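J.: got a predicted structure here, sequence first:
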Amino acid sequence: MEKSCTLLIHFDKGTPAIANEIKEALEGNDVPAKVDAMKKAIMLLLNGETLPQLFITIVRYVLPSEDHTVQKLLLLYLEIIEKTDTKGRVLPEMILICQNLRNNLQHPNEYIRGVTLRFLCRLNETEIIEPLIPSVLQNLEHRHPFIRRNAILAVMSIYKLPQGEQLLVDAPEMIEKVLSTEQDASAKRNAFLMLFTCAQDRAINYLLTHVDRVSEWGELLQMVVLDLIRKVCRTNRSEKGKYIKIIISLLNAPSTAVIYECASTLVSLSSAPTAIRAAANTYCQLLLSQSDNNVKLIVLDRLNEIKSSHRDIMVDLIMDVLRALSSPNLDIQRKTLDIVLELITPRNINEVVLMLKKEVVKTQSGELEKNGEYRQMLIQAIHSCAIKFPEVASTVVHLLMDFLGDNNVPSAIDVVVFVREIIETNPKLRVSIITRLLDTFYQIRAARVCSCALWIVGEYCLSLSEVESGIATIKHCLGELPFYSVSEEGEGTDASKKTPQANSITVSSRRPAILADGTYATQSAASETAFSAPKVVQGSLASGNLRSLLLTGDFFLGAVVACTLTKLVLRLQEVQPSKVEANKATTQALLIIVSMLQLGQSPVLPHPIDNDSYDRIVLCIRLLCNTGDDIRKIWLQSCRQSFVKMLSEKQLQETEELKAKAQVSHAQPDDLIDFYHLKSRKGMSQLELEDEVQDDLKRATGEFVNDTDDANKLNRILQLTGFSDPVYAEAYVTVHHYDIVLDITVINRTKETLQNLCLELATMGDLKLVERPQNYTLAPESSKQIKANIKVSSTETGVIFGNIVYETSNVLERTVVVLNDIHIDIMDYISPAVCTDAAFRTMWAEFEWENKVAVNTVIQDEKVFLEHIIMSTNMKCLTPVSALDDECGFLAANLYAKSVFGEDALVNLSIEKQADGKLSGYIRIRSKTQGIALSLGDKITLKQKGSG
């Protein structure tokens with residue numbers, strides 16, 4: 001067994017002190033030198049030195065010292081020196097210090113008495129303590145509270161020793177008397193703690209006798225009372241009712257620590273609605289009254305736990321929770337919004353949306369640097385509210401459209417996606433949204449927002465006036481044609497190059513864009529371009545937003561402009577009675593599209609137009625020159641139908657997820673009918689009655705039943721040694737977040753007693769053993785359960801290996817049995833998760849660790865292979881099922897999972913069917929940390945080859 005250590009001091013090994021120097025300093029009369037020498041001696045002892053020659057020097061020269069610091073260091077020295085011999089008997093020289101300790105316990109100075117009593121709390125040697133007991137007991141009645149509180153602790157530690165009950169037979173009785181007369185809060189707390197740990201019945205008796213005065217007790221004592229209540233209620237659930245009343249009375253205590261503990265105790269002990277409501281109210285008060293962000297985050301976690309089990313109670317407190325948005329911390333705001341969005345009902349939706357709108361307006365002030373991110377979170381929250389309750393969309397959509405020109409590009413993208421969804425799901429708002437969008441289009445500063453807004457204009461401008469306004473707005477934003485003059489081409493190339501640069505700032509670097517299916521597409525344009533507010537030149541439209549973006553070389557946007565103009569002209573041909581006007585619009589559109597092509601092929605821009613955009617723009621020109629009915633139908637109807645299908649699938653997926661969540665809880669098919677008058681009340685209060693009913697309900701619905709299935713347990717048992725080994729060992733591995741617990745069964749298969757049997761383990765990877773191994777003696781054919789705790793610090797596949805070492809009586813050397821390696825699987829740490837396409841792409845661009853695994857499998861069907869990878873990696877497929885339908889010989893899908901440490905794991909699978917029927921392609925894994933990317937890659941490499 002290892003020795004217990006009660007003292008820890010940092011020791012700099014650079015300059016070790018020499019024992020002789022220490023001895024000389026201790027023998028001198030210089031007190032500061034003595035203090036320094038004692039400190040050096042203590043540090044050497046803590047780091048494994050024995051220094052036996054110092055003991056007598058210290059007894060002669062340090063014991064008589066009157067200096068308080070020297071006396072304190074002397075006690076620390078006595079605490080850490082070895083006081084027993086190899087057989088466990090107290091060393092004879094220890095008698096020398098007994099008299100000194102007795103003198104200290106009767107010392108006129110309170111400090112000396114107090115620190116000596118505290119020292120006694122750490123002594124385990126009965127022979128040293130026994131002669132000191134009368135002096136310790138005298139100190140229980142000392143006038144100074146510092147001494148009394150340390151004397152109580154000393155009595156408690158003596159009583160807890162193996163022979164403590166013989167040394168202090170009537171200790172609980174004495175402490176109970178002290179408790180009844182004591183006035184000092186700290187001493188009172190120590191006395192109650194002593195009764196709680198050593199004589200629980202007396203503590204309960206004292207508590208129930210003084211139950212009316214608990215709320216007047218000090219904070220320290222109230223905390224110990226709550227500990228006692230938790231312990232008692234876990235062992236004896238039937239007496240919960242009377243203790244819950246005490247907790248509820250403590251909810252009004254002045255100390256925030258006490259009321260927090262009360263609330264968490266209530267939630268853990270009771271399911272009665274009254275108790276849960278009281279706890280939730282307390283958490284809401286703490287959320288608003290505490291300024292510390294960490295406290296707020298912890299309280300929000302507690303509220304989230306209540307929400308998952310008692311949603312109906314939390315719904316009533318939704319506005320109180322929303323007040324936490326006043327905190328400027330983004331994590332608090334995010335957590336608050338996550339909780340609130342799951343508590344929305346038809347009754348509170350209007351209040352919640354009104355509050356969110358006010359918060360959005362506040363973000364316009366621009367005082368805080370993270371206003372853009374916060375606004376984006378609010379917009380996403382309003383978006384999800386509007387999807388759940390479409391009737392509120394009309395109240396928010398126009399306010400949010402003010403942010404289409406937001407400098408924070410992700411926020412503006414969220415707004416335009418929201419508008420796109422609302423205009424389809426709320427036909428009544430179509431006209432007002434289109435009018436507003438055309439009015440504010442010139443303010444949009446980002447290319448992706450422009451692209452989405454142009455798609456909305458092309459699809460939802462239906463009447464003659466709307467179509468004409470749409471074409472006029474695009475022309476206005478493109479400015480006057482041509483985009484460059486031929487005369488400038490020769491000499492003014494540099495000037496033309498400078499124009500867009502003066503006007504714009506390219507936000508993203510030139511890297512491949514990731515399309516919705518996870519594949520790469522090289523985009524010659526900068527995908528995210530925001531530019532400074534245009535300087536309006538009188539009489540000229542040269543500074544329109546579309547023009548500035550095109551002049552930066554964004555031809556993907558150019559292709560979108562061409563498609564939108566084509567759609568608007570095709571619709572104009574249907575709604576415009578005058579053929580002349582329709583033809584005029586067609587020629588103007590053609591002129592604009594051809595001008596864009598010319599710009600793309602001219603040397604004015606640093607990069608020519610890319611092939612994809614070129615093909616798309618040329619297609620628009622051909623279409624406007626020669627339109628067939630089938631093509632017209634595809635352009636004017638099929639795009640919208642695809643979008644409607646996408647929305648309905650998204651909604652269906654969300655509904656299925658909600659259903660799956662609802663099925664998890666163990667609930668009876670019918671509501672419980674509880675006959676109160678058949679229940680024995682025995683003078684129970686309403687709260688106790690509620691608690692009883694909730695407990696009955698939990699029993700009936702299986703919530704008290706342990707979920708762990710015995711069959712699953714057997715699957716997790718690993719054999720560590722062979723059946724023919726003299727010692728058989730097997731381990732049951734439990735992975736719980738940051739801890740791995742190995743429950744190892746060791747069986748002695750021989751007819752001999754095994755001595756000093758030791759299980760030696762070592763780890764590889766980010767695993768760390770918590771405790772050192774102990775030695776055991778194992779009788780013939782007997783078994784032993786050994787537990788080993790291992791800490792995990794990251795999501796990485798780790799290996800635990802080791803051996804069992806033992807001695808037998810007739811063989812001198814030790815025998816070693818090597819154990820099988822235990823592989824800790826990454827699958828124990830990661831679980832499927834969901835994120836939006838935009839979030840996936842952002843993370844994909846940011847994460848620096850990529851592991852590229854080539855597909856090598858006997859599976860010949862793309863979808864079967866995808867299912868196999870999803871099963872093997874425990875990930876969620878983000879690509880909708882509809883996108884994976886049909887046979888085309890090619891499949892691309894995005895998978896996502898989150899680890900228990902909050903790390904994200906992204907996987908992109910791109911495979912193609914070869915002519916010989918085999919699959920080829922790559923699986924790319926990206927993550928923020930190297931461990932998860934490598935471990936997932938190894939897992940996929942291992943699993944993909946096998947099953948066909």
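T.: Yep, that arrived. No experiment lies behind these values; they were computed from the predicted model shown.

J.: quick one, helices of the stretch 551-700 of the chain?
T.: Ranges of helices in the stretch 551-700 of the chain, per DSSP state H, counting those that start in this stretch, are 555-575, 579-601, 611-625, 629-633, 639-664, 686-700.

J.: my error: substitute the stretch 51-200 of the chain in the last question.
T.: So, for the stretch 51-200 of the chain - with DSSP H, counting those that start in this stretch - the helices run 54-61, 68-80, 95-105, 110-120, 126-129, 133-138, 145-159, 164-167, 171-181, 185-198, 200-209.

J.: in the last one, what counts as buried?
T.: It refers to helix 200-209. Buried residues in helix 200-209, counting neighbours by 16 or more other CB atoms under 10 Å, are found at 202, 203, 204, 206, 207. (C-beta placed from N, C-alpha, C; glycine too.)

J.: the helix or strand just after it vs helix 200-209, what angle?
T.: For helix 200-209, the following helix or strand on the C-terminal side (DSSP states H and E) is helix 219-235. Angle, helix 219-235 to helix 200-209, by axes from the mean of the first three to the mean of the last three CA atoms, to 10 degrees: 110 degrees.

J.: got the angle for helix 219-235 vs helix 171-181?
T.: 130 degrees.

J.: could you list the buried residues of the next helix-or-strand element following helix 219-235?
T.: Heading C-terminal from helix 219-235, the first helix or strand you meet, by DSSP H and E, is helix 240-250. Buried residues in helix 240-250, counted by 16+ other CB under 10 Å: 240, 241, 243, 244, 246, 247, 248, 250.

J.: which of the three states applies to the residue nearest to residue 764 when sequence neighbours are not counted?
T.: Once flanking residues are discounted, residue 764 sits nearest to residue 799: 4.4 Å by CB to CB, 6 or more residues apart in numbering. Secondary structure assignment for residue 799 (DSSP: H, G, I helix; E, B strand; the rest coil): strand.

J.: if we can go back for a sec, and which of the buried residues of helix 240-250 is nearest to residue 150?
T.: Among these, residue 250 lies closest to residue 150 (CB to CB), at 27.5 Å.

J.: hmm, who's touching whichever strand or helix holds residue 37?
T.: Counting by DSSP H and E, the element that carries residue 37 is helix 31-46. Here helix 31-46 makes contact (CB atoms under 8 Å, 6 or more residues apart in numbering) with 5, 7-9, 11, 16-17, 19, 21-22, 25-26, 28, 51, 54, 58, 61-62, 65, 67, 69-70, 73-74, 76-77, 80-81.

J.: just the buried ones from those?
T.: 17, 19, 22, 25-26, 51, 54, 58, 61-62, 65, 70, 73-74, 76-77, 80-81.

J.: picking that back up, can you add pLDDT and give the buried residues of helix 200-209 back as a markdown table?
T.: As requested, these are exported to a markdown table (pLDDT from 0 to 100):
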| residue | pLDDT |
| --- | --- |
| 202 | 90 |
| 203 | 89 |
| 204 | 89 |
| 206 | 89 |
| 207 | 89 |
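
J.: low-confidence regions, the stretch 351-500 of the chain specifically.
T.: Scanning the stretch 351-500 of the chain for pLDDT under 70 picks out 366-369, 486-500.

J.: mind doing that once more with 80?
T.: 364-372, 406-408, 481-500 (pLDDT under 80).

J.: got the angle between the helix holding residue 37 and helix 68-80?
T.: 20 degrees.

J.: return the set of buried residues in helix 31-46.
T.: Quick answer for helix 31-46 (16+ other CB under 10 Å): 34, 35, 37, 38, 39, 40, 41, 42, 43, 44, 45, 46.

J.: same question for stretch 623-641.
T.: 623, 624, 627, 632, 635.

J.: kindly export that stretch (C-alpha atoms) in CSV.
T.: Written as CSV, here are the backbone C-alpha positions of stretch 623-641 (Å, rounded to 0.1, in the frame of the first residue of the first chain):
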residue,chain,number,x,y,z
LEU,A,623,-32.9,30.2,-74.9
LEU,A,624,-33.8,33.9,-75.4
CYS,A,625,-33.2,33.6,-79.1
ASN,A,626,-35.2,30.4,-79.5
THR,A,627,-37.7,29.4,-76.8
GLY,A,628,-39.7,26.1,-76.9
ASP,A,629,-42.7,25.3,-74.7
ASP,A,630,-40.9,22.4,-72.9
ILE,A,631,-37.9,24.5,-72.1
ARG,A,632,-40.1,27.4,-70.9
LYS,A,633,-41.9,24.9,-68.6
ILE,A,634,-38.6,23.7,-67.1
TRP,A,635,-37.4,27.3,-66.4
LEU,A,636,-40.6,28.7,-65.1
GLN,A,637,-42.1,25.8,-63.1
SER,A,638,-39.6,23.0,-62.4
CYS,A,639,-37.2,25.1,-60.3
ARG,A,640,-40.0,26.1,-58.0
GLN,A,641,-41.2,22.6,-57.7
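
J.: got the contact list for it?
T.: 424, 459, 566-567, 569-571, 573-574, 586, 589-590, 593.

J.: number of nearby residues for residue 372?
T.: 18 (other CB atoms under 10 Å).

J.: please report how far it lies from residue 409.
T.: Distance from residue 372 to residue 409, counting by CB to CB, to the nearest Å: 9 Å.

J.: now do residue 188
T.: Residue 188 is 61 Å from residue 409, where distance means CB to CB.

J.: go on, residue 113?
T.: From residue 113 to residue 409 the distance is 70 Å (CB to CB).

J.: one step back: kindly reformat the helices of the stretch 51-200 of the chain as CSV containing distance to residue 615.
T.: Shown next, in CSV, are the helices of the stretch 51-200 of the chain (distance: least, CB to CB, whole Å):
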stretch, distance to residue 615
helix 54-61, 90
helix 68-80, 82
helix 95-105, 94
helix 110-120, 84
helix 126-129, 92
helix 133-138, 94
helix 145-159, 84
helix 164-167, 90
helix 171-181, 89
helix 185-198, 80
helix 200-209, 82
